[in-house]
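Colleague: got a predicted structure plus its sequence, pasted below:
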Amino acid sequence: MTERSATHATFSLERIYDAAPARVFAAWSTQEGKARWFGGGEGWTLIERDFDFRIGGSEHLSGAWRNGKVSRFDSRYYDIVPNERIVYAYDMHQGETRISVSLATVEFKPAGAGTRLIVTEQGVFLDGYDDAGSRERGTSGLLDRLEAALKQ
């Protein structure tokens, strides 16, 4: 049996994008925009994506890695201020095992002609399956992919 544990951590990441806040917000708030950058990346195959962007709406994303492991992201949106802020809670699973539960806040701030994006996450990492360092690195990689998607 796995030893039970709960480790809490908070991290915040900032990026400056050469795109207006409305365009960056659209990359988070539309199914087409988010599908261009939000996923497992290389070595990951999409299984399912559901996207209902509204307060009370949910987002579900699952995919399989080359090694056969399946990951799943399930979220619910709690606060949306168009072009300014998104607040959502989500849990991550590996197979049927819940590995974390997090509250995320995404802020879109004008920065000249571009956008300063601030992502703050407060998470609880469960039973040693995940940790804040790996989640922060994963989120940072997603923000890099967002930057590439905005340049297309």
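Modeller: Sure thing, it's come through.

Colleague: please count neighbours and contacts with C-alpha atoms only from this point.
Modeller: Will do.

Colleague: list the contacts for the closest residue to Ser5 other than its chain neighbours?
Modeller: Nearest residue to Ser5, sequence neighbours excluded (C-alpha to C-alpha, 6 or more residues apart in numbering): Asp127, at 4.4 Å. If you count contacts by C-alpha atoms under 8 Å, 6 or more residues apart in numbering, Asp127 has them with 2-6, 99.

Colleague: buried ones among the residues you listed?
Modeller: If you count burial by 16 or more other C-alpha atoms under 10 Å, the buried members of the contacts of Asp127 come out as Ile99.

Colleague: still on that earlier bit, mind checking pLDDT for the residue nearest to Ser5?
Modeller: The confidence metric pLDDT takes the value 87 at Asp127.

Colleague: elements contacting the biggest helix by length in the chain?
Modeller: Longest helix in the chain, counting residues (DSSP state H): helix 132-151. For helix 132-151, the elements it packs on are strand 6-17, helix 21-29, judged by 3 or more C-alpha pairs under 8 Å, 6 or more residues apart in numbering; DSSP states H and E.

Colleague: tell me which strands and helices whichever helix or strand comes after the shortest one is in contact with?
Modeller: Right, the one you point to is helix 21-29. Scanning forward in sequence from helix 21-29 by DSSP states H and E, the next helix or strand is helix 31-35. With contacts taken as 3+ C-alpha pairs under 8 Å, 6+ apart, helix 31-35 sits against helix 21-29.

Colleague: residues near Ile47, how many?
Modeller: By the criterion of other C-alpha atoms under 10 Å, Ile47 has 12 neighbours.
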